[in-house]
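Student: this one's structure only:
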């Protein structure tokens, strides 16, 4: 759940965030702030080309949405450098199976700090919601997300030590 | 080493990349492409406020620079989804101590694929150089980078389960 998306300022950062979420195992992304068809289309285009079922959905009232998701049994995680260090809380988090991960937004209203089950810090230095989410997902999925396969799409990568081998599987 | 920085298009993404590099244990960042005093100042400002010795340096001739760094004994790592999956190569990488990590740039010239000791894939789906670098650094430092302390600066974070506690240590 990306809060407070702004057009055009956040378009690339939100797109990187969505692609990181998708590539690292999240099933869906929600966003609030300014509705942005261009952002939605860029994420949908990656799904069409590269497969999988990742979806992006716009949310009009994000605090109400978070309340509803919480009532459905999801752990609400807010990534913030003012939270509990990830290394101290990971074992506790791994007892759970369903997560909604909230990332700001320039300025996150304090109600998100309170509604969250855990405010989690990925280090205690300012960095990026993209890097914070990446490390969070990598730890939650314990590295296996890097080997996930995506069904459908029209491109695959053939990994190789040297050289570039993108493959169009429809050729 | 961020290749091919463009103004204004890459300013926020490159800044997020620099902050992720700094927060997750890199000692220095280099960039090529368009020289960008605003980008340099934004990174320097974070260092002044939050401490540490992280530096950002502009490089005029990046391929020559990579050659020189390689001759100094650094492992040259190019992060690309067309590389060797990180999970397959990490043990090998952990035998080394000094790394220069290259990230694109919209289109990375093929010479970087060849000059690199390893092209490393953080998953085989498109995502973000920011998320890729974050996971790479987290694995190389094996998680301890999240507990690194930065000396100097004027802000510290006090981590807490609920609520926000930024502390200005000069108060």
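Tutor: Yep, it's here. Just so it is clear, the structure is predicted and the values come from calculations on it, not from any experiment.
Student: middle-most residue in chain A, spatially?
Tutor: Nearest residue to the geometric centre of chain A (C-alpha atoms, centre = their mean): residue A:21, 3.4 Å.
Student: State whether it is indeed within a helix.
Tutor: Yes: with DSSP: H, G, I helix; E, B strand; the rest coil as the criterion, residue A:21 is part of a helix.
Student: My read is that it contacts residue A:56, right?
Tutor: No: the criterion here is C-beta atoms under 8 Å, and residue A:21 misses it with residue A:56 at 9.1 Å. (Glycine included, C-beta is placed from N, CA and C.)
Student: Can you find which strand in chain A contains the most residues?
Tutor: Counting by DSSP state E, the longest strand found in chain A is strand A:75-85.
Student: Does at least one residue of that one sit close to chain B?
Tutor: Yes: contact between strand A:75-85 and chain B, assessed by C-beta under 8 Å from any C-beta of the partner chain, occurs at A:80-85.
Student: Mind checking which of the residues you listed are buried?
Tutor: A:80-85 (16 or more other C-beta atoms under 10 Å in any protein chain shown).
Student: Check the burial of residue A:37 by counting its neighbours.
Tutor: Burial measure for residue A:37: 10 neighbouring residues, criterion other C-beta atoms under 10 Å in any protein chain shown.
Student: give the contact list for residue A:5.
Tutor: Shown in contact with residue A:5 (C-beta atoms under 8 Å, 6 or more residues apart in numbering or on different chains): A:14, A:31-34, A:36, A:39.
Student: next helix or strand past the strand or helix carrying residue A:39?
Tutor: According to DSSP states H and E, residue A:39 maps onto helix A:37-50. Downstream of helix A:37-50, the next assigned helix or strand under DSSP H and E is strand A:55-58.
Student: Tell me which strands that following strand pairs with, and in which orientation.
Tutor: strand A:28-33 (parallel) (DSSP bridges).
Student: for the strand it pairs with, what is the average pLDDT?
Tutor: Across strand A:28-33, the average pLDDT comes to 98.
Student: What are the buried residues along that strand?
Tutor: Buried residues in strand A:28-33 (16+ other C-beta under 10 Å): A:29-33.
Student: Check stretch A:7-14 too.
Tutor: Quick answer for stretch A:7-14 (16+ other C-beta under 10 Å): A:10-14.
Student: try stretch A:101-112
Tutor: Within stretch A:101-112, the residues that count as buried by 16+ other C-beta under 10 Å are A:101-103, A:105, A:108, A:112.
Student: And it, end to end?
Tutor: With C-alpha to C-alpha, to the nearest Å applied, stretch A:101-112 spans 11 Å between its terminal residues.
Student: Centre of the chain to that stretch, how far?
Tutor: 14 Å (C-alpha atoms, centre = their mean, to the nearest Å).
Student: That one close to chain B?
Tutor: Yes: contact of stretch A:101-112 with chain B (C-beta under 8 Å from any C-beta) involves residue A:110.
Student: How about residues contacting that stretch?
Tutor: Residues contacting stretch A:101-112 (C-beta under 8 Å, 6+ apart): A:1-4, A:17, A:26, A:33, A:63, A:66, A:76-80, A:116, A:129, A:132-133, A:136, B:163-164.
Student: Okay, strands next: where are they in chain A?
Tutor: Under the criterion DSSP E, chain A carries strands at the ranges A:2-5, A:28-33, A:55-58, A:75-85, A:99-102, A:118-121, A:155-157, A:166-168.
Student: Great, nothing more from me.
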